[in-house]
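Student: for reference, the sequence and a predicted model appear below.
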Amino acid sequence: MVVSLFAAVTQRDKIPSYRIGEIKKKKATAVDFEFYRFEYFVTDIDHLKHPHRHDHFALFFVTSGQGAHLIDFKSYELKARRVFLIAPGQVHAWESFRGVKGFVLLFTKEFFTLTLQYKELRAYLFFNNIYRHAYLDLGRAEKTHLERLLLDVEQEHLHPRSYSQHIIRSYINIILFELSGVYEKAMPPTSENHVIDSRLRELETLVEKNFRKCHLVADYAAMLHVTPNYLNAICKKHKGKPAGEFIRDRIMLEARRLLTHSDRTITQIAYDLGFEDNSYFGRFFRKYGGMTPATFRENLYK
């Protein structure tokens, strides 16, 4: 497990969260869209080399160079034709850059929804589900096509016209739609039909919204108007794990985040995650994490 960089912020009350206007030199301005060349983006972002969140969506496209990107405890290589898509609230950090070139696209939900619907944005699997791949590797033709679209976005951004924002929003939707096709092709083939796929996406959204207070499969089955057995069956068939494990994975991820990035007591963390009994949280964490919360926190410094 990669923990050395993440341990650097354990004394803070919470993981810092940045707005678009604070990404470069921490300028706190009201910005809802930004576009950078990667080589410029990396020049003054020391604050982003520590774990942090964004309140916006981000696309990072590497066309050349090397480096490493840390996302939720895992380190991923920066290399040519690799795209990272980060949703609001995801924890990540930049570990290293060596001659990295490419493009960085940042936009808020509010920017996107001025002409498009938020439900369209959340329909993209790479933004709707933290449990899948953290990146996409493009083929040469796909890389060329994406680069051309991003150059068009850059042109509108650098030389704005009265209707440039409408054009940029349309380009963003096209880019995400194109990447969605690449993403779905990269997933293992399944036989899930549209109804089941829709149910699972709904479950993912509900878990993300409610995991702090709802821990039981029955809770989510009731929200979806299905039986717990049905929800377990479709999760096991199409995700390779029952619904209960899917829910527990999200709780464990947040528990590790809080133990790593905050100085809250274990009792406080247990309460934050909906455990009224601290000892129950300890047993839960040990059962599914292989050690107690205290041991996990102690190991951060080893």
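Tutor: Structure's in. What do you need? Numbering: from 1, shown residues only.
Student: tell me if residue 93 really is in a strand.
Tutor: Yes. Remark: residue 93 belongs to a strand, assigned using DSSP: H, G, I helix; E, B strand; the rest coil.
Student: beta partners of it?
Tutor: Beta-bridge partners recorded for residue 93 (DSSP bridges): residue 70.
Student: need the pLDDT of the nearest residue to residue 102 once chain neighbours are set aside.
Tutor: Spatial nearest neighbour of residue 102, excluding adjacent residues (C-beta to C-beta, 6 or more residues apart in numbering): residue 38 at 3.8 Å. To be clear about C-beta, it is placed using only N, CA and C from the backbone, and glycine gets the same treatment. As predicted, residue 38 sits at a pLDDT of 96.
Student: can you tell me how far residue 38 sits from residue 79?
Tutor: Between residue 38 and residue 79 the computed distance is 12 Å (C-beta to C-beta, to the nearest Å).
Student: overlap in contacts of these two?
Tutor: 62, 65 (C-beta atoms under 8 Å, 6 or more residues apart in numbering).
Student: so which of those two has more stuff around it?
Tutor: The residue with more neighbours, out of residue 38 and residue 79, is residue 38; 20 against 15, by other C-beta atoms under 10 Å.
Student: contacting residues around the more buried one?
Tutor: 60, 61, 62, 63, 65, 100, 101, 102, 103, 104.
Student: hang on, the fifth one in a strand?
Tutor: It stands for residue 65. Yes. Counting by three-state DSSP, residue 65 is part of a strand.
Student: what is the neighbour count of it?
Tutor: 17.
Student: over to the third one?
Tutor: Burial measure for residue 62: 26 neighbouring residues, criterion other C-beta under 10 Å.
Student: got the contacts of residue 38 as TSV, with pLDDT columns?
Tutor: Output for these, formatted as TSV (pLDDT from 0 to 100):
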residue	pLDDT
60	97
61	97
62	97
63	97
65	96
100	96
101	97
102	97
103	98
104	97
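Student: go ahead and confirm residue 65 touches residue 99.
Tutor: Yes. Applying C-beta atoms under 8 Å, one finds residue 65 in contact with residue 99, separated by 4.1 Å.
Student: quick revisit: and the residue nearest to residue 102, its phi and psi?
Tutor: For residue 38, the backbone dihedrals (degrees, to the nearest 10) come out as phi -60, psi -40.
Student: and it, how far from residue 88?
Tutor: Counting by C-beta to C-beta - residue 38 and residue 88 are separated by 21 Å.
Student: try residue 282
Tutor: The gap separating residue 282 from residue 88 is 31 Å, by C-beta to C-beta.
Student: just residue 19 next, same as before
Tutor: Counting by C-beta to C-beta - residue 19 and residue 88 are separated by 11 Å.
Student: phi and psi next, for residue 32.
Tutor: phi -120, psi 0.
Student: contacts only, for it.
Tutor: Contacts of residue 32 by C-beta under 8 Å, 6+ apart are 20, 56, 107, 108, 110, 111.
Student: identify the farthest-apart pair in those.
Tutor: Spatial extent of these (C-beta to C-beta) is set by the pair 20 and 110 at 10.7 Å.
Student: of those two, give the one with the bigger neighbour count.
Tutor: For residue 20 versus residue 110, the count of surrounding residues by other C-beta under 10 Å is larger for residue 20: 22 against 11.
Student: so the more buried one touches residue 31, yeah?
Tutor: Yes. With contact defined as C-beta under 8 Å, residue 20 counts as touching residue 31 (4.5 Å).
Student: sorry, back to before: what is the nearest of the contacts of residue 38 to residue 180?
Tutor: Closest to residue 180, out of all of those and judged by C-beta to C-beta, is residue 61, at 15.0 Å.
Student: which residues pair with the closest one across the strands?
Tutor: The partner residues for residue 61, given DSSP bridges, come to residue 83, residue 103.
Student: ok, now which ones touch it?
Tutor: 38, 82, 83, 102, 103, 104, 105, 146, 147, 150.
Student: do that again at 7 Å, thanks
Tutor: 83, 102, 103, 146, 150 (C-beta atoms under 7 Å, 6 or more residues apart in numbering).
Student: any idea how far it is from residue 145?
Tutor: 12 Å.
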